[in-house]
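Engineer: have a look; sequence and predicted model below, questions after that.
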Amino acid sequence: MPEPVILLVEDNPDDEALTLRALKKNNIRNEVVVARDGREALDYLFGEGMYESRDVRVKPQVILLDLKLPKLDGFEVLRAMRGNEHTRLLPVVILTSSNEERDRINGYGLGANSYIRKPVEFGEFIEAVKQLGLYWLILNQNAPAAA
């Protein structure tokens with residue numbers, strides 16, 4: 001059985017590189033699929049557009065979702081996911097630089113499982129990614145596929 005996939009939805013190349021580096025530094029070797037805007041994330045999840053040949057039965061173990069994205073923002077992605085029976089139970093961690101209370105309320109209100117503010121210092125970010133990996137990839141038991 002292949003390692004679970006992580007879907008990273010991030011439009012900032014620096015934050016993408018930082019996240020991938022932090023995963024590698026923590027020995028998290030799972031395949032990471034990167035979607036650089038909200039539309040691409042939904043295309044991946046629903047097997048549309050450039051992902052139309054993807055087996056949508058293979059679901060990401062966790063989705064790391066930025067909020068401020070082109071085409072569709074993170075809230076729109078989350079709303080579409082939670083409105084679809086095949087993606088409504090997938091774990092979503094909002095990983096954003098926003099510390100707005102309104103964004104946290106909206107994120108949890110739309111069904112986010114966690115809201116993490118990106119630390120500015122790389123050492124803190126590495127530790128945050130380590131904890132994310134430990135919890136979401138090792139400890140957490142996702143909902144059964146039939147749910």
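Structural biologist: On my side now, so go ahead.

Engineer: on contacts alone, who are the packing partners of the lowest-mean-pLDDT helix or strand in the chain?
Structural biologist: When the helices and strands of the chain are scored by mean pLDDT, DSSP states H and E, helix 122-132 comes last with a mean of 85. Contact analysis of helix 122-132 by 3 or more C-beta pairs under 8 Å, 6 or more residues apart in numbering; DSSP states H and E lists helix 13-25 as its packing neighbours. All C-beta spots, glycine's among them, are computed from the backbone N, C-alpha and C.

Engineer: the helix or strand just after the helix it packs on: partners in the sheet, and parallel or antiparallel?
Structural biologist: Next along the chain after helix 13-25, taking DSSP states H and E as the criterion, comes strand 32-35. Take DSSP bridges as the rule and strand 32-35 pairs in its sheet with strand 6-9 (parallel).

Engineer: return the partner strand as CSV; C-alpha atoms alone will do.
Structural biologist: This file holds the C-alpha atoms of strand 6-9, laid out as CSV (Å, rounded to 0.1, in the frame of the first residue of the first chain):
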residue,chain,number,x,y,z
ILE,A,6,-0.5,15.2,1.4
LEU,A,7,-2.3,17.8,-0.7
LEU,A,8,-0.6,21.2,-0.2
VAL,A,9,-2.7,24.1,-1.5
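
Engineer: quick one: average confidence on that strand?
Structural biologist: With pLDDT averaged residue by residue, strand 6-9 scores 97.

Engineer: same thing with stretch 104-118?
Structural biologist: 94.

Engineer: go through that stretch and flag the buried ones.
Structural biologist: For stretch 104-118, the neighbour count (16 or more other C-beta atoms under 10 Å) marks 104, 106, 107, 110, 112, 113, 114, 115, 116, 118 as buried.

Engineer: which other residues reach that stretch?
Structural biologist: 15, 65, 67, 74-75, 78-79, 81-82, 88, 91-99, 103, 125, 128, 132 (C-beta atoms under 8 Å, 6 or more residues apart in numbering).
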